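Peer 1: Give me the fold of what follows.
(one chain, ligands or ions: 2)
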Amino acid sequence: MKSAFYDVDLEKWCVKVENTLSGAQEMYLGKFLVVASGENSVGYIPQVRGLDGFNGQAIHSSKYENGKKYGGKNVLVVDSGNSGMEIAYDLSNSGANTSIVVRSPVHVLSKEIVFFGMVLLKLLPVTIVDKVVVGLGKLKYGNLSKYGIQKPKQGPFYLKATKGRSPTIDVGCIKKIKTIEITVLPSITSIEGNLIRFENGIYNWYDAIIFATGYKSSVLNWLKDDNCYLTTMECHERGSHITGNQKMVFTALGSQAVGCLHMMHIV
Ligand SMILES: NC(=O)C1=CN([C@@H]2O[C@H](COP(=O)(O)OP(=O)(O)OC[C@H]3O[C@@H](n4cnc5c(N)ncnc54)[C@H](OP(=O)(O)O)[C@@H]3O)[C@@H](O)[C@H]2O)C=CC1
Ligand SMILES: O=C(O)C(=O)Cc1c[nH]c2ccccc12
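Peer 2: Ligands and ions are numbered 1, 2, ... in the order given. This is a model prediction of the structure:
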């Protein structure tokens, strides 16, 4: 499938495809379009001032294989989601001199605490479960703010349910942060050659940057939305959603309209 768009005059969806056997371009028209291909995403690397001129290796976390080639190197991991914390831990175990950017508040929990929280969720409301798991997290890890890791105001399960944001499930990175084997840094302000500057004024020399900065939906790469049916929609909660013009119904399994679009049709 190459692209899909809604033709307002025909009142039909037009789907352009390429026949992979013959190579011919074909067009299909239909009143309804159901997307059942799952949602594909592409690795997201933010635009950082000077990144183009970085003299080392800069890759997205999805391209990271293991820490072997980073032994003895200065490596910066951006940021503190699950990919970032796991990769930082792996790099440090491989002998890399590892730093991690932590830009926003993040809940840090163990997999046992998350499991316990999931069991509790069957019995108790999310507000109570969040209080219990945050308390258990504090017992296990202590106050991490002195290490540069702040806690979000809202609870971990509330954030997971409403924003799709996962708590970071610690695999050993926190212990290394506490023993200063891994250095925590705030956001990058600029890159000059191999020198990276941070918001707190600190600057260091790095051989490599691993951007564990998440993924962006690739839906809009093929879904042509010239009429902005999608992009003008407000983010909505899980479930069906009818747009203002009553022409399009979204059944989004995720919590963000465009980012987590799974199925839609014209009514
Ligand atoms: N073991 C497991 O269960 C694992 C699960 N996963 C899951 O896979 C999914 C994807 O995870 P992941 O790849 O970590 O991506 P995430 O989207 O979860 O995390 C991306 C991180 O990058 C930060 N970020 C985004 N943009 C920037 C920027 N411009 N500058 C600095 N930081 C930025 C985000 O912070 P901010 O909040 O500030 O935007 C966030 O901390 C998640 O659901 C995760 O939980 C991943 C790995 C292992
Ligand atoms: O896949 C993810 O996003 C995870 O980090 C694991 C996960 C799935 N569902 C959850 C609910 C609460 C905390 C973590 C997870």
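
Peer 1: Tell me which residue of this structure lies closest to ligand 2.
Peer 2: Nearest residue of the chain to ligand 2: residue 166, at 3.4 Å (C-beta to the nearest ligand atom). Bear in mind the C-beta positions are built from the backbone N, C-alpha and C, glycine included.

Peer 1: Secondary structure element for that residue, which one?
Peer 2: Per DSSP states H and E: residue 166 is located in neither a helix nor a strand.

Peer 1: go on, residue 200?
Peer 2: For residue 200, there is no enclosing helix or strand under DSSP H and E.

Peer 1: Can you name the residues that contact the nearest residue to it once chain neighbours are set aside?
Peer 2: Closest residue to residue 200 apart from its sequence neighbours, by C-beta to C-beta, 6 or more residues apart in numbering: residue 186 at 5.3 Å. Residues in contact with residue 186 (C-beta atoms under 8 Å, 6 or more residues apart in numbering) are 101, 102, 103, 148, 198, 199, 200.

Peer 1: ok so, going back, check the burial of the residue of the chain closest to ligand 2 by counting its neighbours.
Peer 2: Counted by other C-beta atoms under 10 Å, the residues lying close to residue 166 total 15.

Peer 1: begin at 13 from here
Peer 2: Let's use 13 as the start, then, which means that last one is residue 178.

Peer 1: Roughly how far does it sit from residue 95?
Peer 2: 10 Å (C-beta to C-beta, to the nearest Å).

Peer 1: so what sits against both of the two?
Peer 2: Counting by C-beta under 8 Å, 6+ apart, residue 178 and residue 95 have no common neighbour.

Peer 1: what's near enough to touch the residue lying closest to residue 222 once chain neighbours are set aside?
Peer 2: Spatial nearest neighbour of residue 222, excluding adjacent residues (C-beta to C-beta, 6+ apart): residue 89 at 4.9 Å. By C-beta under 8 Å, 6+ apart, the contact list for residue 89 reads 96, 99, 100, 103, 110, 111, 112, 113, 221, 222, 224.

Peer 1: Export these as JSON lines, with columns for secondary structure.
Peer 2: Shown next, in JSON lines, are these (DSSP: H, G, I helix; E, B strand; the rest coil):
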{"residue": "96", "secondary structure": "helix"}
{"residue": "99", "secondary structure": "helix"}
{"residue": "100", "secondary structure": "helix"}
{"residue": "103", "secondary structure": "helix"}
{"residue": "110", "secondary structure": "strand"}
{"residue": "111", "secondary structure": "strand"}
{"residue": "112", "secondary structure": "strand"}
{"residue": "113", "secondary structure": "strand"}
{"residue": "221", "secondary structure": "strand"}
{"residue": "222", "secondary structure": "strand"}
{"residue": "224", "secondary structure": "coil"}
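
Peer 1: Run the chain-centre distance for the longest helix along the chain.
Peer 2: Using DSSP state H, we find that the single longest helix of the chain is helix 138-153. Chain-centre distance of helix 138-153: 23 Å, with C-alpha atoms, centre = their mean, to the nearest Å.

Peer 1: same thing with stretch 83-96?
Peer 2: That offset, for stretch 83-96, works out to 15 Å (C-alpha atoms, centre = their mean).

Peer 1: before we move on, what about stretch 17-29?
Peer 2: Relative to its parent chain, stretch 17-29 has a centroid offset of 31 Å by C-alpha atoms, centre = their mean.

Peer 1: Next: stretch 64-79.
Peer 2: On C-alpha atoms, centre = their mean, the centre of stretch 64-79 falls 17 Å from the chain's centre.

Peer 1: For it, the averaged confidence score.
Peer 2: Stretch 64-79 carries an average pLDDT of 98.

Peer 1: For that stretch, measure first residue to last.
Peer 2: Here the two ends of stretch 64-79 are set 23 Å apart, with distance taken as C-alpha to C-alpha, to the nearest Å.

Peer 1: where does the protein come near ligand 2, residue by residue?
Peer 2: For the chain, the residues in contact with ligand 2 (C-beta under 6 Å from any ligand atom) are 94, 126, 169, 172, 178, 179, 181.
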